[in-house]
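Asker: Model the following, please.
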Amino acid sequence: MGASFEKCCGLLSLLETEHSLPRESWRELICGHTPELQSEAALRAMAVRRRYYGNRVFLRGLIEFTNFCRNNCYYCGIRAGNSKAQRYRLTESDILAAADHGYELGFRTVVLQGGEDPAFGDDNLARIVEKLKAAHPDCAVTLSCGERPFEVYRRWKDAGADRYLLRHESADPAHYAKLHPAVQILSTRLECLRMLRELHYQVGAGFMVGSPYQTVETLAEDLTFLSEFKPEMVGIGPFIPHCDTPFGHEKAGSVDLTVYLLSLIRLALPGVLLPATTALATLDPDGRRKGLFAGANVIMPNLSPPTVREKYLLYNNKAHTGLESAESYRKLIESLAGLGFEAGPDRGDHIKEMQK
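Answerer: As a prediction, this is how the structure comes out:
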């Protein structure tokens with residue numbers, strides 16, 4: 001049984017002022033989740049977001065440049081062991097053309113996301129980053145290419161990469177081990193995050209809500225880790241199964257719990273860049289709006305060539321058309337304006353925590 005509404009509100013107040021909680025308090029907030037508490041957390045989270053970012057929502061142009069991956073994560077549709085995946089790699093010219101198109105639409109951040117593809121090593125991806133920055137020096141470049149050696153991360157940073165997204169997936173070693181083969185261990189993932197921080201990337205971490213074997217305790221560990229590591233970006237979304245993975249028959253995660261956790265993360269990390277993810281929009285047509293009204297302030301429409309969008313399937317039924325597509329940029333801005341938000345050409349960099 002969860003803590004009372006009044007006690008949970010007291011914990012929300014503590015989180016809002018101190019930006020951290022003991023694990024047991026995180027656990028009480030998770031167990032105390034109710035629609036009433038979710039609404040209270042969202043109101044507080046929106047107020048915090050407004051203090052830092054006003055009503056701005058930042059748009060990122062997502063280019064999924066390869067769906068080859070050397071890993072075999074049990075939840076992922078592009079895992080190496082999925083023989084049914086339709087593999088592709090975008091060429092350098094494909095990537096640069098997609099980025100140019102995004103710039104013309106109004107995007108000022110490009111996100112290059114792919115599996116851990118050995119074909120994209122340090123030099124060829126660095127060359128692409130250098131060309132992107134030369135063509136559009138007012139743009140930020142975000143990479144999301146998994147675990148790499150320190151020297152590779154440094155080469156990409158020297159080339160001009162500004163940010164790096166690397167979800168930690170679970171801060172509990174035993175839970176992490178249930179989501180991945182034995183060759184993939186949490187300590188390696190955490191060391192990569194520390195390396196990225198050392199190299200002065202704006203760093204993104206995150207996890208799936210409702211992943212198999214997740215418990216209140218593992219969620220409390222995730223929230224503790226985030227509040228201590230203080231990433232500049234946090235990406236969370238509900239777990240959605242992919243039919244051609246070992247977790248293909250598992251139940252999807254909860255939209256409501258995801259939205260509630262977005263609010264808690266905003267209170268813990270007031271200046272965080274926090275996406276309303278595609279996974280939210282996939283499970284709930286109103287998911288993006290719910291995320292924004294819970295404290296999120298980032299949306300990542302798809303800039304990938306239309307011919308490959310259906311091939312980059314981390315999970316089933318992924319939303320990649322309509323307002324999830326970059327071609328709907330103007331409609332998306334109009335939709336956000338109708339909700340009271342502002343969006344437009346903006347890098348949308350992280351704002352450091354204000355003085356208390």
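Asker: Mind listing what's buried along the longest helix along the chain?
Answerer: Scanning the chain for the helix with the most residues, using DSSP state H, yields helix 35-53. For helix 35-53, burial by neighbour count (16 or more other C-beta atoms under 10 Å) applies to 37-38, 40-42, 44-46, 48-49, 52-53. Yep, even glycine has a C-beta here, placed from its N, CA and C like the rest.
Asker: swap in stretch 288-303?
Answerer: For stretch 288-303, by 16+ other C-beta under 10 Å, it's 288-303.
Asker: Quick check: of those, which lies closest to residue 331?
Answerer: Distance to residue 331 across the buried residues of stretch 288-303 (C-beta to C-beta) is lowest for residue 301, with 10.3 Å.
Asker: Now the phi/psi pair for the closest one, please.
Answerer: Dihedral pair for residue 301: phi -70, psi 160, per degrees, to the nearest 10.
Asker: ok, it touching residue 330?
Answerer: No - Residue 301 is not in contact with residue 330 according to C-beta atoms under 8 Å; the separation is 11.4 Å.
Asker: so where do the helices sit in the stretch 51-200 of the chain?
Answerer: 92-105, 122-135, 150-159, 173-179, 186-198 (DSSP state H, counting those that start in this stretch).
Asker: And those helices: which comes nearest residue 280?
Answerer: Among those, if distance is taken as C-beta to C-beta, the winner is helix 173-179, at 20.1 Å.
Asker: And that closest one, what does it pack against?
Answerer: helix 186-198 (3 or more C-beta pairs under 8 Å, 6 or more residues apart in numbering; DSSP states H and E).
Asker: What residues of the helix it packs on count as buried?
Answerer: 186, 189-190, 192-193, 195-197.
Asker: strands paired with the helix or strand following it, and their directions?
Answerer: Using DSSP states H and E, the helix or strand that directly follows helix 186-198 along the chain is strand 202-209. Take DSSP bridges as the rule and strand 202-209 pairs in its sheet with strand 163-165 (parallel), strand 233-238 (parallel).
Asker: so which of the ones you listed gets nearest residue 62?
Answerer: Of the strands paired with strand 202-209, nearest to residue 62 by C-beta to C-beta is strand 163-165, at 10.4 Å.
Asker: what sits up against that closest one?
Answerer: 109, 111, 113, 140-144, 153, 156, 196, 201-204, 206, 232-233, 235 (C-beta atoms under 8 Å, 6 or more residues apart in numbering).
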